[in-house]
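1. output the structure for:
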Amino acid sequence: MENNIIEKLKNANLTGRGGAGFPTGLKWELVKNAKGEKKYVICNGSEGEPNVFKDGFILEHYPEEVIDGIVLAMDTVGADSAYLFLNHDYFEKMEANLKKIIADKPIILFKKTYGYIAGEETVICNIIEGKRVEPRPRPPFISDKGLFQSPTLMNNVETFYYASKINKGEYSNTRFYSVNGDVSNPGVYELSKDLAIEQVLKETDNFPEFDFIAQVGGGAVGEILKKDELNKPATGAGSITIYDLATLDAYGLMEKWANFLLNGNCDKCVPCREGLYRIKEMVQKKKINKEDIERIFNDLEKASFCALGRGSATPFRGLINKIDLS
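-> Numbers count the residues shown, from 1 in each chain. Sure thing, here's the model as predicted:
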């Protein structure tokens, strides 16, 4: 069964749905083949980025499939126990129901009590171990040395859901999209993963008639796209947020991003900590020097310790370069 499900995952071309998009079959295979006396599986349900809420929808409507996917992963890689790591809101809302479904299975519910950085895989390992909330150097990767220095498989909620569906022969090349913002029909939709962003908006009756921009992949570090740039699939966590240009407060939006990222990082590295602070200063003063801020963006991308810092320049650069801030 173990080799069979890994081949099924590979044949389905399932990739991680938490943002990074790593091939799921390969990840399971790496942990299965890793050497270690103990192995662990972690389901990442930390989902803490603004305007991303599809994992919460899945946990509410399809918890049995998620748990089935976790158990399947444990059997496949040889793990004795697993953790379902949930953000605070999901834990409070779904704890009772999830415990009923888990029953006597060796799956531990764990409540996230920290900010955005707590969704990073090595940070999750540190939190469960009771260590400082900060990312670890990589390599080693968690597939070799993760939780308690043991081989660890970590995927997000949607990935485990689809692993279960693939194992049952019920997968049809779909993914979940969180659609929100200045739209008529906000919500979570399951559609083909190969649809262009424009098609997703049209199929859900959410394509605006007014001039707009879209933030795709996440509500903090997602890419900013103009309406003529939507002929490609959604990336990252599959969120699509629409902003009406006629009513958009660009500086207010950027300040919201800066506050979220500043509050959600670990303060471990200077480029991220100081760079985001300088970005916030410029945004609050509504005086952005493009050369100065581009230098900060480059520092963030090249010198930040983890993906939070490296990806944080993306929305600011996109908004500054694609709309008139005057």
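
2. residue ranges with poor pLDDT in this protein?
-> 1-3 (pLDDT under 70).

3. how is it divided into domains?
-> As recorded under automatic domain parsing, the domains making up the chain are 2-167, 174-244, 250-322.

4. is it possible to get JSON lines of these that adds mean neighbour count?
-> C-betas here are computed from N, CA, C, even on glycine. Converted to JSON lines, the domains of the chain look like this (neighbours: other C-beta atoms under 10 Å):
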{"stretch": "domain 2-167", "mean neighbour count": "19"}
{"stretch": "domain 174-244", "mean neighbour count": "19"}
{"stretch": "domain 250-322", "mean neighbour count": "18"}
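
5. the residue nearest to Cys269 when sequence neighbours are not counted: what's it in contact with?
-> Among residues not flanking Cys269 along the chain, Phe305 sits closest, at 4.1 Å (C-beta to C-beta, 6 or more residues apart in numbering). When contacts are counted by C-beta atoms under 8 Å, 6 or more residues apart in numbering, Phe305 touches 135, 268-269, 271-272.

6. what of Ile288?
-> Contacts of Ile288 (C-beta under 8 Å, 6+ apart): 282, 320, 325.

7. let's see that with 6 Å instead.
-> With contact taken as C-beta atoms under 6 Å, 6 or more residues apart in numbering, Ile288 is in contact with Met282.

8. which SS class is it?
-> Three-state call for Ile288 (DSSP: H, G, I helix; E, B strand; the rest coil): coil.

9. quick thing: my sequence starts at 37, can you match it?
-> Shifting the count to begin at 37 puts that one at Ile324.

10. about what we covered before: closest to Leu298 out of the contacts of Phe341?
-> Leu298 has its nearest neighbour among the contacts of Phe341 in Cys308, at 9.1 Å by C-beta to C-beta.

11. any idea which element that closest one lies in?
-> Element membership of Cys308, judged by DSSP states H and E, is helix 306-321.

12. what's the angle from the helix or strand just after that helix to helix 306-321?
-> Next in sequence after helix 306-321, counting helices and strands by DSSP H and E, comes helix 326-339. Between helix 326-339 and helix 306-321, the angle comes out at 150 degrees (axes from the mean of the first three to the mean of the last three C-alpha atoms, to 10 degrees).

13. quick one: contacts for Gly114?
-> For Gly114, the contact set (C-beta under 6 Å, 6+ apart) comprises Lys75.

14. chain neighbours aside, what residue packs nearest to Asp280?
-> Asp218 (4.3 Å).

15. one step back: mind giving me the packing neighbours of the helix holding Cys308?
-> helix 286-300, helix 326-339 (3 or more C-beta pairs under 6 Å, 6 or more residues apart in numbering; DSSP states H and E).

16. give me that answer again for 7 Å
-> Secondary-structure packing of helix 306-321 (3 or more C-beta pairs under 7 Å, 6 or more residues apart in numbering; DSSP states H and E): helix 286-300, helix 326-339, helix 343-347.

17. who touches it?
-> Identification of contacts with helix 306-321 by C-beta atoms under 7 Å, 6 or more residues apart in numbering yields 287, 290-291, 294, 297-298, 301, 303, 324, 329, 332, 335-336, 339-340, 344-345, 348, 352.

18. tilt between that helix and helix 286-300?
-> Interaxial angle of helix 306-321 relative to helix 286-300 (the same axes, to 10 degrees): 150 degrees.

19. ok so, going back, Ser186: which of the helices and strands packed on helix 306-321 is closest?
-> Set against Ser186 and scored by C-beta to C-beta, the helices and strands packed on helix 306-321 come closest in helix 343-347, at 22.8 Å.

20. now do the strands in the stretch 87-236 of the chain.
-> Taking DSSP state E, counting those that start in this stretch, the strands of the stretch 87-236 of the chain run over residues 117-122, 143-147, 188-192, 210-217, 223-228.

21. need the ones you listed in JSON lines with distance to Gly272, can you?
-> Shown next, in JSON lines, are those (distance: least, C-beta to C-beta, whole Å):
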{"stretch": "strand 117-122", "distance to Gly272": "19"}
{"stretch": "strand 143-147", "distance to Gly272": "24"}
{"stretch": "strand 188-192", "distance to Gly272": "11"}
{"stretch": "strand 210-217", "distance to Gly272": "11"}
{"stretch": "strand 223-228", "distance to Gly272": "15"}
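
22. Pro176 is nearest to which of those?
-> strand 188-192 (10.7 Å).

23. and the closest one, what does it pack onto?
-> helix 60-69, strand 76-81, helix 157-165.

24. okay, those in TSV with distance to Asp140 next?
-> Output for the helices and strands packed on strand 188-192, formatted as TSV (distance: least, C-beta to C-beta, whole Å):
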stretch	distance to Asp140
helix 60-69	24
strand 76-81	17
helix 157-165	21
